[in-house]
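> model this:
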Amino acid sequence: MQGISQGRMIIPMNKFWNFDTGDNQRILRLDGAIAEVSWFGDETTPAAFKRELYSGSGDITVWINSPGGDVFAASQIYNALREYPGKVTVKIDGIAASAASIVAMAGSEVLMSPVSYMIIHNPATIAIGDSAEMLKAKSTLDEIKEGIINSYEQKAKISRAEISRLMDEESCFNAKKAVGLGFADGILYSDNQPENNSQAVLFSRMAVTNSLLNKIPKPQNGMDKYYKRLERLKHGRSL
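The predicted structure follows:
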């Protein structure tokens, strides 16, 4: 990323954040990919962000519309917002995907537009080397996943195992699903908040399986034992 040098400080030309103060309230907008190369391994960009964050006081609203980016950058933004002395309200008006969903968890209140989305998935990287390097990369990704789950677990209403499974499946939540699972607290522009529908989300694959199995005609003669096995699958039982 190109930048403008100011002494020893390099200020990025295209920041992914923007602070705005109006009507006696602070607003932080996170638009676009988070961090990328300029943040990773470089304390300049995090320092600039924190300096701007702490240059003011009072409650702050964080608007997020981001496909994600560098998980380490997101972690530092998350920590900075959690340490901020004022109330932090997160509002998602487009998408909070990947690393951006980690930042969203920093809000004491998380609100989503009815047409916004949250996406969570496993961390990914690119590794080059022999089998030992590949195993090391896998081990690192596993640890990073546990750290991401830590942030989700503090807000979500589901277990670590369920969060891990949803990440494995690269899950996309609309506003109602996000609220039902506890990743968000409410929906913007709506007086009627959704009921907890986490069970419907968690077992959506079972619903699809049952729908397909219901289309299978009941077998005749010697196929009864196989039909009984399918019936057990419909109810989520082992074979």
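> where along this structure do the helices fall?
Assigned by DSSP state H, the helices in the chain fall at 44-53, 71-83, 99-104, 131-153, 160-168, 175-181, 198-202, 204-213, 224-234.
> what helices or strands is the first one leaning on?
Judged by 3 or more Cβ pairs under 8 Å, 6 or more residues apart in numbering; DSSP states H and E, helix 44-53 is in contact with strand 9-12, strand 17-22, helix 71-83. Quick note: C-beta positions are derived from backbone N, CA and C, even for glycine.
> so which of the ones you listed gets nearest Ile163?
Using Cβ to Cβ as the measure, helix 71-83 is the one of these that comes nearest Ile163, at 15.6 Å.
> quick check: Asn150 vs Ile163, distance?
When distances are taken as Cβ to Cβ, to the nearest Å, Asn150 and Ile163 turn out to be 10 Å apart.
> and these two? Which one has more around it.
Counting neighbours by other Cβ atoms under 10 Å for Asn150 and for Ile163 shows that Ile163 has the greater number, 23 against 13.
> ok, now how distant is the more buried one from Phe49?
Distance of Ile163 to Phe49, given as Cβ to Cβ: 27 Å.
> ok, Asn122 next?
Taking Cβ to Cβ as the measure, Asn122 falls 26 Å from Phe49.
> worst-scoring helix or strand of this protein, pLDDT-wise?
Scoring the helices and strands of the chain by mean pLDDT, DSSP states H and E places strand 3-6 at the bottom, with a mean of 33.
> want to throw the helices of the chain into JSON lines with distance to Asn65?
What follows is the helices of the chain, written out as JSON lines (distance: least, Cβ to Cβ, whole Å):
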{"stretch": "helix 44-53", "distance to Asn65": "17"}
{"stretch": "helix 71-83", "distance to Asn65": "14"}
{"stretch": "helix 99-104", "distance to Asn65": "8"}
{"stretch": "helix 131-153", "distance to Asn65": "19"}
{"stretch": "helix 160-168", "distance to Asn65": "21"}
{"stretch": "helix 175-181", "distance to Asn65": "14"}
{"stretch": "helix 198-202", "distance to Asn65": "23"}
{"stretch": "helix 204-213", "distance to Asn65": "26"}
{"stretch": "helix 224-234", "distance to Asn65": "41"}
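> Val115 is nearest to which of those?
Distances from Val115 to each of the helices of the chain were compared using Cβ to Cβ; the minimum, 7.8 Å, belongs to helix 175-181.
> for the protein, which spans come out with low pLDDT?
Residues of the chain that meet the criterion pLDDT under 70 lie in 1-14, 22, 35-44, 192-239.
> which other helices and strands contact the lengthiest strand in the chain?
Counting residues, the longest strand found in the chain (DSSP state E) is strand 88-97. Judged by 3+ Cβ pairs under 8 Å, 6+ apart, strand 88-97 is in contact with strand 60-66, helix 99-104, strand 109-112, strand 117-120.
> got the angle for it vs strand 60-66?
Put simply, strand 88-97 runs at 0 degrees to strand 60-66, going by axes from the mean of the first three to the mean of the last three Cα atoms, to 10 degrees.
> who does strand 88-97 pair up with?
For strand 88-97, the paired strands and their directions (DSSP bridges) are strand 60-66 (parallel), strand 109-112 (parallel), strand 117-120 (parallel).
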